[in-house]
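Student: could you look at this predicted model? Sequence included:
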Amino acid sequence: MGFEFFKAFFYLKYLIVSHEAISVFDMFKIGVGPSSSHTLGPWRAAQYFTQSLDKKNILDQVTRIEVLLYGSLAKTGVGHGTDIAVQLGLCGDDPVTFDVNNITSKINDIRAMKKLLLGGRHEIDFNATEDIEFLYSESLPFHPNALTFLVELKNGETIAATYYSIGGGFVQQEGETNAESANVVLPFPVNTSDELLHWCRKTGMSIHEVVMENEGAWRKDEETKAGLLNIWRVMKECMYRGCHAEGILPGGLQVKRRAAALNKKLLKDKNYSDYQSWAQAIKEGGQQFNYILDWVSCFALAVNEENASFGRVVTAPTNGAAGVIPAVLQYYIIFCDGDNEEKITQFLLTASEVGSIFKKGATISAAMGGCQAEIGVSSAMAAAALTECMGGTQRQALMAAEIAMEHHLGLTCDPIKGLVQIPCIERNTMGAIKAITASQLALQSSPDFAKVSLDGVIKTMWDTALDMNSKYKETSDGGLAVNVPISLSEC
Ligand code: SF4
């Protein structure tokens, strides 16, 4: 009787507590660097706003558009390309398909002509210097990353719409919830790692299997698998490109790209014309500790150098932290014999679930929680995924995520000149190595003796985020951003 009552109470709790439905493709989004919250999010916001004008049949009536950038979007917007992203979004361009090689020329054209093709078809006057306003000292209460679109129509009517870029490329319009996800009913709703573990225990499924069942609420399994392999294709192409691109990163800090030189050194100056032969050559180089360490760093550097160059990347869970998961997955594929499509999809499913638990219980936005919310979360995601792929139990996987985050707690976000370069690029190497160490520790440990739970560390991360001074939340008002004397040249 007592047990039945407890069971009924337990299931009632699931019915009462609302569970946000986050798909693996919400966590892993193909986009453009350098920032998911400051580039991809504002790009999407501008795109959605333009589409909303079109739906109301007033797009062709627009005579003027002004964009207001608040808080963190204003303070680090130039370094993160927020102004560029907004213009492309207003033009109706899509961050997934837009050719990143054309970004500079398109923005230069808008600047020179002082005209913009709204929604790709309706020409309006647009002077970015005047029509995009950086409100450095204003912040909206809901989230530090806010932007407002002000529109004037031919009949004199004005329209205003505010959007929030809430981290990882997620966008929310003021006064609206994500109606699409609100209607999705998952077979195994999860808000916390305890709930995830409950479903694993109840069904006997591993974490990635539970996630795959939930993904079934959006699409067929074959489509999910194909989509995940496409995500991995974009990640590995980014890594391969970054390992072969030399030069100086844009933005004026004169940061030299390092991945290509390291790649060359490790491969003893040999060139490989495609990803497959390149990966095979790396594998044949052996298993020496320093060699593996160098490669993991090289993979992470490569992705984030591409990210800093407005390259094509996948949010994982953000752009600034986009190198951690590809580096750890590549490590698994090359150095742990993981070159197997099933394992690659499993890795991404498990990683995404851990990321979404962090998003629900804390944040994946550096403007809310500092770098612990970006690099810390990506490291935890990678640690759990690697552990499960290496044969660890569900509890060991969650323990690995906990260890990885525990040692990122309090990590601040202080990018120099607001560029996603220093400390961001190197920081991805640290996140990747910590993920591998956390995974190895968990695989060698019994979760029965763990003192800190993943939910406990998520709560601690959130408490730390709330206590963190705003100087360290993607504003470039503190930390390295103000203490490193770097002479800047104009970009
Ligand atoms: S310091 Fe961390 S959180 Fe901040 S922009 Fe760089 S990678 Fe992102």
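Tutor: Done, it's in.
Student: need the pLDDT of Thr464.
Tutor: Thr464 carries a pLDDT value of 98.
Student: confirm it sits in a strand?
Tutor: No. Per DSSP: H, G, I helix; E, B strand; the rest coil, Thr464 lies outside any strand segment and is helix.
Student: please report how far it lies from the ligand.
Tutor: 14 Å (Cβ to the nearest ligand atom, to the nearest Å). Just so you know, the C-beta spots here come from the backbone N, C-alpha and C atoms, and that holds for glycine as well.
Student: Gly369 now?
Tutor: 9 Å.
Student: how about that residue: what's its closest non-neighbour residue?
Tutor: Using Cβ to Cβ, 6 or more residues apart in numbering and skipping the chain neighbours, the partner closest in space to Gly369 is Ala465 (3.4 Å).
Student: in the protein, which spans are strands?
Tutor: Along the chain, the segments classed as strands by DSSP state E run 30-32, 62-70, 115-118, 122-125, 132-135, 146-153, 158-167, 170-173, 312-314.
Student: packing partners of the fifth one?
Tutor: This means strand 132-135. Counting contacts by 3 or more Cβ pairs under 8 Å, 6 or more residues apart in numbering; DSSP states H and E, strand 132-135 packs against strand 62-70, helix 71-75, helix 82-90.
Student: just the pLDDT for Asn183.
Tutor: At Asn183, pLDDT is 77.
Student: next one: Cys91
Tutor: Reported pLDDT at Cys91 in the predicted model: 98.
Student: for the remainder of this discussion, apply numbering that starts at 872.
Tutor: Got it, the first residue is 872 from now on, which makes the last one we talked about Cys962.
Student: surely it and Leu989 touch.
Tutor: Yes. The pair Cys962 and Leu989 passes the contact test of Cβ atoms under 8 Å, sitting 7.2 Å apart.
Student: before we move on, back to that, tell me, how many residues neighbour the residue nearest to Gly1240?
Tutor: Residue neighbour count, defined by other Cβ atoms under 10 Å, stands at 21 for Ala1336.
Student: pull the contacting residues for it.
Tutor: By Cβ atoms under 8 Å, 6 or more residues apart in numbering, the contact list for Ala1336 reads 1233-1234, 1239-1241, 1243-1244.
Student: among those residues, which one lies nearest to Gln932?
Tutor: Met1239 (36.7 Å; Cβ to Cβ).
Student: nearest residue to that closest one other than its sequence neighbours?
Tutor: Ala1336 (5.8 Å).
Student: how far away is that neighbour from Ile1307?
Tutor: Counting by Cβ to Cβ, to the nearest Å, the separation of Ala1336 from Ile1307 is 25 Å.
Student: can you map out the helices along the stretch 1022-1171 of the chain?
Tutor: For the stretch 1022-1171 of the chain, the helices defined by DSSP state H, counting those that start in this stretch occupy 1050-1053, 1064-1074, 1078-1086, 1092-1113, 1130-1137, 1146-1155, 1160-1179.
Student: comparing these, which gets the lowest mean pLDDT score?
Tutor: helix 1050-1053 (a mean of 56).
Student: now Thr1221, nearest residue through space, not along the chain?
Tutor: Nearest residue to Thr1221 in three dimensions, chain neighbours excluded: Ala1256, at 4.3 Å (Cβ to Cβ, 6+ apart).
Student: ok, the residue of the stretch 1172-1321 of the chain found nearest the ligand to Ala1253 distance?
Tutor: Closest contact between the stretch 1172-1321 of the chain and the ligand, by Cβ to the nearest ligand atom, is at Gly1191 (2.7 Å). Gly1191 is 15 Å from Ala1253, where distance means Cβ to Cβ.
Student: show me what the residue of the stretch 972-1121 of the chain found nearest the ligand is bridged to.
Tutor: Taking Cβ to the nearest ligand atom, the ligand has its nearest neighbour within the stretch 972-1121 of the chain at Gly1038, 9.8 Å off. Going by DSSP bridges, Gly1038 is paired in beta bridges with Phe1041.
Student: can you count the residues close to it?
Tutor: 27.
Student: surely Ala1256 and Thr1216 touch.
Tutor: No. The criterion here is Cβ under 8 Å, and Ala1256 misses it with Thr1216 at 10.7 Å.
Student: more neighbours: which of these two?
Tutor: Per other Cβ under 10 Å, whichever of Ala1256 and Thr1216 has more neighbours is Ala1256, with 32 against 22.
Student: show me the contacts for the more buried one.
Tutor: Counted by Cβ under 8 Å, 6+ apart, Ala1256 has contacts 1196, 1199-1200, 1217-1219, 1221-1222, 1225, 1268.
Student: low-confidence regions, the protein specifically.
Tutor: Scanning the chain for pLDDT under 70 picks out 872-888, 1048-1053, 1357-1362.
Student: near the ligand, which residues of it?
Tutor: Contact residues, the chain versus the ligand (Cβ under 6 Å from any ligand atom): 1191-1192, 1237, 1242, 1245-1246, 1284, 1286, 1291, 1294-1295, 1298, 1345.
Student: now these in JSON lines, with distance to Lys900 and neighbour count?
Tutor: As requested, the residues of the chain next to the ligand are exported to JSON lines (distance: Cβ to Cβ, whole Å; neighbours: other Cβ atoms under 10 Å):
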{"residue": "Gly1191", "distance to Lys900": "14", "neighbour count": "32"}
{"residue": "Ala1192", "distance to Lys900": "13", "neighbour count": "35"}
{"residue": "Ala1237", "distance to Lys900": "17", "neighbour count": "36"}
{"residue": "Cys1242", "distance to Lys900": "20", "neighbour count": "27"}
{"residue": "Glu1245", "distance to Lys900": "15", "neighbour count": "36"}
{"residue": "Ile1246", "distance to Lys900": "18", "neighbour count": "30"}
{"residue": "Cys1284", "distance to Lys900": "20", "neighbour count": "32"}
{"residue": "Pro1286", "distance to Lys900": "21", "neighbour count": "27"}
{"residue": "Val1291", "distance to Lys900": "16", "neighbour count": "31"}
{"residue": "Pro1294", "distance to Lys900": "24", "neighbour count": "21"}
{"residue": "Cys1295", "distance to Lys900": "18", "neighbour count": "27"}
{"residue": "Arg1298", "distance to Lys900": "21", "neighbour count": "25"}
{"residue": "Glu1345", "distance to Lys900": "19", "neighbour count": "35"}
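Student: Cys1242 is in contact with Arg1298, correct?
Tutor: Yes. Here Arg1298 lies in contact with Cys1242, judged by Cβ under 8 Å, at a distance of 6.7 Å.
Student: now stretch 1277-1295: buried residues?
Tutor: Neighbour counts using 16 or more other Cβ atoms under 10 Å place 1277-1279, 1281-1295 of stretch 1277-1295 among the buried residues.
Student: JSON lines for the residues of the chain next to the ligand, including distance to Val933?
Tutor: Shown next, in JSON lines, are the residues of the chain next to the ligand (distance: Cβ to Cβ, whole Å):
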{"residue": "Gly1191", "distance to Val933": "33"}
{"residue": "Ala1192", "distance to Val933": "36"}
{"residue": "Ala1237", "distance to Val933": "33"}
{"residue": "Cys1242", "distance to Val933": "39"}
{"residue": "Glu1245", "distance to Val933": "35"}
{"residue": "Ile1246", "distance to Val933": "40"}
{"residue": "Cys1284", "distance to Val933": "36"}
{"residue": "Pro1286", "distance to Val933": "34"}
{"residue": "Val1291", "distance to Val933": "32"}
{"residue": "Pro1294", "distance to Val933": "41"}
{"residue": "Cys1295", "distance to Val933": "36"}
{"residue": "Arg1298", "distance to Val933": "41"}
{"residue": "Glu1345", "distance to Val933": "31"}
